[in-house]
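Participant: Need a 3D model of the sequence below.
(2 chains)
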2 protein chains.
Amino acid sequence: MTLDLNTHILIVGLGLIGGSYAKALKKKGFSVNALDTRQEAITYALEEGIIDKGYTEPSDEAFEDADLLIFALYPRVFVDFVNTHQHKFKKNAILTDVTGVKGCIVYEIQSELREDLEFIAAHPMAGREVYGVENSDDRIFHNANYIVVPTEKNRPETVDLCKLLGAVLGFSRISTLSPEEHDDMIAFVSQLTHVIAISLMTCNDSTHLVDYTGDSFRDLTRIARINDKMWSELFHLNRDALLRQMDIFEEEFHSLRAILESGDTDAMREKMRLSTSRRAMFDIQNKTK
Amino acid sequence: MTLDLNTHILIVGLGLIGGSYAKALKKKGFSVNALDTRQEAITYALEEGIIDKGYTEPSDEAFEDADLLIFALYPRVFVDFVNTHQHKFKKNAILTDVTGVKGCIVYEIQSELREDLEFIAAHPMAGREVYGVENSDDRIFHNANYIVVPTEKNRPETVDLCKLLGAVLGFSRISTLSPEEHDDMIAFVSQLTHVIAISLMTCNDSTHLVDYTGDSFRDLTRIARINDKMWSELFHLNRDALLRQMDIFEEEFHSLRAILESGDTDAMREKMRLSTSRRAMFDIQNKTK
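Facilitator: Residues are numbered from 1 along each chain as shown, chains lettered A, B, ... in the order given. Here you go, the predicted structure:
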């Protein structure tokens, strides 16, 4: 299968990310249908012209044309959905997803999938602090990362198709990781940062401090507004990797505490110079991408 | 003394903040002189027209007109400078500063100051990750906080003059705190956030992760590019308050770790909802200011 304007796409789960996919794909001229249990989501998307057909029930009709199924659901809902409804999927269809954790779902789905179907996992690293198709916006993909997460069950051409999907959606950086590499990386750069932001907001009642905050506190707590249902599930599904990263961070934080307490200004400055040079390299790499 | 266009202002220390003060004050029509040991800084500022006169030596002439002296120096340099040169200051002059810590300098300076002089401490909560007058920009004060930090040695009219200075500089929120309140607050909203950002950059070699980071990691580490000389001094001078805030944060972080490990999703969601509601209130308060 190739990805072209004859490819019929079905988005399952028309929330913020599903809706943003629909917007990006329609703009490029694709035929996009969507399935969501929320009638308002489907009505909104039809009115806005970001889908061609909408379904609120997983009827046979919803799936009959779909060459490419994109699942934008919560992780466990996604696994259960595929198990329950895969007998209705079009022969030789390709499945992909947007799930933020991989190891705990990819192998399970692939091992129980119909022989003719293929699931290629992907993680679009984009989001907003608001929910629902009504807030969807495909500009969130620009300057963002799209990670394809293949296993040995995936054919090279399907990996390429998924990369092409990332490019069509408008992502600026597209890469490939194994499920294990993905989950370790996500535990560090995304989940740990959310745990930190939450801790900062919950460790002190800071609401009276709004007059006194500079950009730093605002930056570090922006992501403390969090969808508790989705993120508690993502944390739980990636628990071991996240615990490992939390321990690494806490050990480092604690060693900075020891340096501060001892009054060893030289050691503190050395840590600051390392942090500065790494962050500077990070900025340079970002700019040259 | 009142603050008006006849007030002669001397800025001591023409770096990023001193230069930004000069730009803001000149735009409003004030007469601004500056003293900085760096000849290039003075030359640049004269060429750009952001100061009227510049000095590279603390000569008698540099101080003779100055009704208001604004010190934009490192904390210990500032204290030493006042002790060494205050005999040259104009009679009845007012001194103010931009220092990020207060308790450890305000009382010391006030207790050793000439009888006719008055020091009113202030903290402009604004900055950039770049240095020097060449990067100065008074727009960093817009939508930022200016904190006046009086003690019982300050006259009410001097407190008002300092608040007026904050307004003239273009700050949008001007408030008053005691030195102790200021230092506790700053330990939490500014210093702790910098320790966290440093720890995030130094706990893992993340330079290979640039392809995979979303906005959250970028937000949480923006301030990891840090002036090690200045910040190590600020940390050290506010050590007790910062250690206290680090302990509060670490305890909370550790309790989130315990919740994650135990698999208690309800407890995790409760933490997430608290963090979300606090951050939401914070956004609302910011908007209505």
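Participant: If I follow the layout properly, A:Leu164 ends up in contact with A:Leu3?
Facilitator: Yes. Using C-beta atoms under 8 Å, A:Leu164 is in contact with A:Leu3, at 5.0 Å. To be clear about C-beta, it is placed using only N, CA and C from the backbone, and glycine gets the same treatment.
Participant: Which of these two has more residues huddled nearby?
Facilitator: Taking other C-beta atoms under 10 Å in any protein chain shown, A:Leu164 and A:Leu3 do not tie; A:Leu3 has more neighbours (19 against 14).
Participant: That one belongs to a helix, doesn't it?
Facilitator: No. According to DSSP: H, G, I helix; E, B strand; the rest coil, A:Leu3 belongs to no helix; its state is coil.
Participant: For it, what are phi and psi?
Facilitator: For A:Leu3, the backbone dihedrals are phi -100, psi 110 (criterion: degrees, to the nearest 10).
Participant: before we move on, what SS does A:Leu95 have?
Facilitator: Assignment for A:Leu95 (three-state DSSP): strand.
Participant: wait, it sits on A:Phe71?
Facilitator: Yes. With contact defined as C-beta under 8 Å, A:Leu95 counts as touching A:Phe71 (6.7 Å).
Participant: and for the two, which residues touch both?
Facilitator: Between them, A:Leu95 and A:Phe71 share these contacting residues under C-beta atoms under 8 Å, 6 or more residues apart in numbering or on different chains: A:Val82.
Participant: the helices in the stretch 51-200 of chain A, which residues?
Facilitator: Remark: helices assigned in the stretch 51-200 of chain A by DSSP state H, counting those that start in this stretch are A:60-64, A:75-85, A:103-112, A:156-169, A:179-186, A:193-203.
Participant: Nearest to chain B, out of the ones you listed?
Facilitator: Among the helices of the stretch 51-200 of chain A, the nearest to chain B by C-beta to the nearest C-beta is helix A:193-203 (3.6 Å).
Participant: can you pull the contacts of A:Ile62?
Facilitator: Check again: residue A:62 is Ala, not Ile. Contacts of A:Ala62 (C-beta under 8 Å, 6+ apart): A:10, A:33, A:35, A:55, A:88.
Participant: Quick one, which of those are buried?
Facilitator: A:10, A:33, A:35, A:55 (16 or more other C-beta atoms under 10 Å in any protein chain shown).
Participant: Switch the helices of the stretch 51-200 of chain A over to JSON lines; also include mean pLDDT.
Facilitator: Shown next, in JSON lines, are the helices of the stretch 51-200 of chain A (pLDDT from 0 to 100):
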{"stretch": "helix A:60-64", "mean pLDDT": "97"}
{"stretch": "helix A:75-85", "mean pLDDT": "97"}
{"stretch": "helix A:103-112", "mean pLDDT": "96"}
{"stretch": "helix A:156-169", "mean pLDDT": "97"}
{"stretch": "helix A:179-186", "mean pLDDT": "95"}
{"stretch": "helix A:193-203", "mean pLDDT": "95"}
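Participant: deepest of these, which one?
Facilitator: When the helices of the stretch 51-200 of chain A are scored by mean count of other C-beta atoms under 10 Å in any protein chain shown, the highest mean neighbour count falls to helix A:193-203 (a mean of 24).
Participant: got the angle for that helix vs helix B:193-202?
Facilitator: 160 degrees (axes from the mean of the first three to the mean of the last three C-alpha atoms, to 10 degrees).
Participant: so what does helix A:193-203 touch, helix or strand wise?
Facilitator: Secondary-structure packing of helix A:193-203 (3 or more C-beta pairs under 8 Å, 6 or more residues apart in numbering or on different chains; DSSP states H and E): helix A:215-221, helix A:239-262, helix B:193-202, helix B:215-221, helix B:239-262, helix B:265-288.
Participant: Could you dump those helices into CSV and include distance to B:Val133?
Facilitator: What follows is the helices and strands packed on helix A:193-203, written out as CSV (distance: least, C-beta to C-beta, whole Å):
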stretch, distance to B:Val133
helix A:215-221, 21
helix A:239-262, 31
helix B:193-202, 23
helix B:215-221, 27
helix B:239-262, 29
helix B:265-288, 30
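Participant: wait, which of those is closest to A:Val101?
Facilitator: helix A:239-262 (8.7 Å; C-beta to C-beta).
Participant: burial count for A:Ser31?
Facilitator: Neighbourhood size, A:Ser31 [other C-beta under 10 Å]: 18.
Participant: Repeat that for A:Met268.
Facilitator: Around A:Met268 there are 22 residues (other C-beta under 10 Å).
Participant: Just give me the neighbour total for the residue nearest to it when sequence neighbours are not counted.
Facilitator: Distances taken as C-beta to C-beta, 6 or more residues apart in numbering or on different chains put B:Ser232 closest to A:Met268, at 4.5 Å, once the chain neighbours are dropped. Applying other C-beta under 10 Å, we find 23 residues neighbouring B:Ser232.
Participant: Name the helix or strand for B:Ser232, please.
Facilitator: helix B:228-237 (DSSP states H and E).
Participant: Rounded mean pLDDT for that helix, please.
Facilitator: Mean pLDDT, computed over helix B:228-237, is 95.
Participant: residue contacts, the residue in the stretch 1-150 of chain A that chain B sits nearest to?
Facilitator: Using C-beta to the nearest C-beta, the single residue of the stretch 1-150 of chain A nearest to chain B is A:Met125, 4.2 Å away. Shown in contact with A:Met125 (C-beta under 8 Å, 6+ apart): A:144-147, A:190, B:212-214.
Participant: repeat for A:Leu14
Facilitator: Counting by C-beta under 8 Å, 6+ apart, A:Leu14 makes contact with A:22, A:34-36, A:38, A:41-42, A:45, A:51, A:54, A:72, A:133.
Participant: quick one: contacts of the helix holding B:Ser232?
Facilitator: A:260, A:263, A:265, A:268-269, A:272-273, A:276, B:74-76, B:100-101, B:104-105, B:191, B:194-195, B:242.
Participant: where does chain A have low pLDDT?
Facilitator: Applying pLDDT under 70 to chain A flags residues A:286-289.
Participant: Show me how the record splits it into domains.
Facilitator: A:8-177, A:182-288 (automatic domain parsing).
Participant: Output the longest strand belonging to chain A.
Facilitator: strand A:118-125 (DSSP state E).
Participant: Could you tell me how far it lies from the centre of the chain?
Facilitator: Offset of strand A:118-125 from its chain centre (C-alpha atoms, centre = their mean, to the nearest Å): 9 Å.
Participant: that older thread, buried stuff in the helix holding B:Ser232?
Facilitator: For helix B:228-237, burial by neighbour count (16+ other C-beta under 10 Å) applies to B:228, B:230-237.
Participant: Stretch A:135-150 too?
Facilitator: Buried, per 16+ other C-beta under 10 Å, within stretch A:135-150: A:136, A:138, A:140-141, A:144-150.
Participant: does chain B sit close to that stretch?
Facilitator: Yes. Counting by C-beta under 8 Å from any C-beta of the partner chain, chain B is contacted by stretch A:135-150 at A:144-145, A:147.
Participant: Also stretch A:164-178?
Facilitator: Yes. Stretch A:164-178 comes into contact with chain B (C-beta under 8 Å from any C-beta), by way of A:173, A:175, A:177.
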